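Novice: heads up, no residue letters with this:
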């Protein structure tokens, strides 16, 4: 079994997000970047499948700031190969664009199973896993919470609201949008990261189709803030006393029900 | 205006989010428009009561468990058959499975995390949440288009009058290469956080696993159950049955104290109807403050011991 895991670099939401001069995107020059957290779980799950079944895993990323380092970190995490997709896009890559690029490059790999994060914080025009499934005419399962493998069969757990879940079996091809890995993300020691830093990266070149579906972003804005919230001023002791007073006044301190 | 709505059921009952989606479709289309509903499963009478004009069903799947391939194929067939101007789906697991896949296959623009939508002439305008709710995006495209609507986007929309809808059978031929194996429900023996009057929720901002025990001791003093947002559950710091949010439980306690919780839309979906919300987060732009009644930006390392001390003094 050959697995491709797609890694995307996204804005770090713990940073302040500034809107650019056009008002239609964030100012990407100054924002911090990080691996999409759901892709991190997809990477972990891919390596877990490899360890359980001997599958070969290739990590794939799109050329751009931080991509080379993320691919090398993926090697330290346990993937076998890495692939960078070169493109000529000067803008942020939407999930639909990413799916078109991957649909050109992935057949070269011959992977039967593709894992990626279920979503990113900026894919307001749709999600990568189902877009890629549509582009390749493959099935897809999303909100995936863990994959087990027996022989050539994957058993995939899909989550629904309210704590419900279902298990599906597939031998592939399939695209999985991973929400959570089967276990917590592994710690990688610095020595392994330094060792992987010299990994050479294979390159595939892809471009968008000329007849791609068009959408237009008119504006990014800060949402209207709820002015009814009372922000409690002062140090931690002052805030703590005020909250206890609020709870006490309303009879909300007591034994569990 | 023709709108196609993909309706979901849970345990044979149409979900509240789907009911609201049909009401929202009627609001956009007005009384003159045509609302067609894709319903895979039972419940045609319930859909008629929602004011749809046409109900597209797949009799061969009426008793089958959810399968993303079958449902995606049915939605694509319905789109081909009805040629709608808009297709509405909920932002749910099924919505994630089928909307982008069908949109790609049929060359349709798709908008996700939608808060609202309107149509002017041949253009749809959409407002969406982006960056975990820190910003909103206003966007547009030509019709036809598909929209994946956030839960609550159409809440409060008046329910349309029932209609005597036509029931149309869809025929799908694609054989699923994904096989349903089993389903599971929440453990009935596990703590039921939906029944608690008081919840103390920890989020990513709690810092490290060691702080969980501090939070647990604080919850005990407060008389609250300790719960977590998705990142905390994913890290294995709290068990799954204590997760609040879209993929966890939806709660409505008398008090919800959120510590280090940013307030991603998926979390807010699970707790925003709590009677009293108090949020403590050092990020003053965290979306949780938009829903909180009281808030503070003090650091949790200082707040937790101070809060326990204040609770202790009250009970002395």
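Specialist: All right, it came through fine. This structure is a prediction, so every number in the text was calculated from the model and none was measured.

Novice: CA atoms for contacts and neighbours, from now on please.
Specialist: OK.

Novice: so how far is the first residue of stretch A:30-45 from its last?
Specialist: 31 Å (Cα to Cα, to the nearest Å).

Novice: buried ones in it?
Specialist: A:31, A:33-45 (16 or more other Cα atoms under 10 Å in any protein chain shown).

Novice: Keep only those of those residues that are in helices.
Specialist: Applying DSSP state H to the buried residues of stretch A:30-45, the entries found in helices are A:37, A:38, A:39, A:40, A:41, A:42, A:43, A:44, A:45.

Novice: What score does the residue lying closest to the last one once chain neighbours are set aside have for pLDDT?
Specialist: Translated: residue A:45. Nearest non-adjacent residue to residue A:45, counting by Cα to Cα, 6 or more residues apart in numbering or on different chains: residue A:181, 5.1 Å away. Residue A:181 carries a pLDDT value of 94.

Novice: residues in contact with residue A:181?
Specialist: A:41, A:42, A:44, A:45, A:145, A:146, A:147, B:234 (Cα atoms under 8 Å, 6 or more residues apart in numbering or on different chains).

Novice: swap in residue A:240?
Specialist: Applying Cα under 8 Å, 6+ apart to residue A:240 gives the contacts B:303, B:306, B:307, B:310.

Novice: any idea how far residue B:233 is from residue A:167?
Specialist: For residue B:233, the distance to residue A:167 - Cα to Cα - is 20 Å.

Novice: between those two, which one's more packed in?
Specialist: Neighbours were counted for residue B:233 and for residue A:167 using other Cα atoms under 10 Å in any protein chain shown; residue B:233 has more, 23 against 20.

Novice: what about chain A, any weak spots by pLDDT?
Specialist: A:225-228, A:255-257 (pLDDT under 70).

Novice: for the residue in it sticking out farthest from the centre, phi and psi?
Specialist: In terms of distance from the mean C-alpha position of chain A, residue A:249 ranks first, at 43.8 Å (Cα atoms, centre = their mean). The phi and psi values for residue A:249, taken as degrees, to the nearest 10, are phi -60, psi -30.

Novice: and what of residue B:128?
Specialist: phi -130, psi 150.

Novice: what about it, neighbour count?
Specialist: Count around residue B:128 with other Cα under 10 Å applied: 23.

Novice: again with residue B:197
Specialist: If we define neighbours as other Cα under 10 Å, then residue B:197 has 23 of them.

Novice: one step back: between the buried residues of stretch A:30-45, which sits nearest residue B:46?
Specialist: Each of the buried residues of stretch A:30-45 was scored against residue B:46 by Cα to Cα, and residue A:38 proved nearest at 36.9 Å.

Novice: residues touching that closest one, list them.
Specialist: Residue A:38 neighbours (Cα under 8 Å, 6+ apart): A:116, A:117, A:118, A:119, A:120, A:178, A:179, A:180.

Novice: Out of those residues, flag the one nearest to chain B.
Specialist: residue A:180 (6.3 Å; Cα to the nearest Cα).

Novice: rewinding a little: looking at the contacts of residue A:38, which are in strands?
Specialist: With DSSP state E as the criterion, strands contain A:116, A:117, A:178, A:179, A:180 from among the contacts of residue A:38.

Novice: I'd like the residues you listed as a markdown table, with neighbour count appended.
Specialist: Listed next are the ones in strands among the contacts of residue A:38 as a markdown table, based on neighbours: other Cα atoms under 10 Å in any protein chain shown:
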| residue | neighbour count |
| --- | --- |
| A:116 | 29 |
| A:117 | 28 |
| A:178 | 29 |
| A:179 | 26 |
| A:180 | 29 |
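
Novice: is stretch B:234-254 anywhere near chain A?
Specialist: Yes - judged by Cα under 8 Å from any Cα of the partner chain, stretch B:234-254 comes into contact with chain A at B:234, B:235, B:236, B:240, B:241, B:246, B:247, B:248, B:249, B:250, B:254.

Novice: Relative to residue A:88, how far out is the nearest residue to residue B:275 once chain neighbours are set aside?
Specialist: In this structure, residue B:275 finds its nearest non-sequential neighbour in residue B:254, 4.8 Å apart by Cα to Cα, 6+ apart. Distance from residue B:254 to residue A:88, counting by Cα to Cα: 54 Å.

Novice: the more surrounded of these two?
Specialist: Neighbour totals were compared for residue B:254 and residue A:88, and residue B:254 leads with 16 against 10 (other Cα under 10 Å).

Novice: Surely that one touches residue A:252?
Specialist: Yes - the criterion here is Cα atoms under 8 Å, and residue B:254 meets it with residue A:252 at 7.5 Å.

Novice: Now do the shared contacts for the two.
Specialist: Joint contacts of residue B:254 and residue A:252 (Cα under 8 Å, 6+ apart) are residue B:198.

Novice: Farthest pair within the contacts of residue A:181?
Specialist: When Cα to Cα is used, the two most widely separated members of those are A:147 and B:234, lying 14.9 Å apart.

Novice: was I right about residue A:82 contacting residue A:56?
Specialist: No - Residue A:82 is beyond contact range of residue A:56, at 11.2 Å (criterion: Cα under 8 Å).

Novice: quick one: which of those two has more around it?
Specialist: Comparing residue A:82 with residue A:56 by other Cα under 10 Å, the one with more neighbours is residue A:82, at 23 against 18.

Novice: Ignoring the adjacent residues along the chain, who's closest to the more buried one?
Specialist: Leaving aside its chain neighbours, residue A:82 sits nearest to residue A:59 (4.7 Å; criterion: Cα to Cα, 6+ apart).
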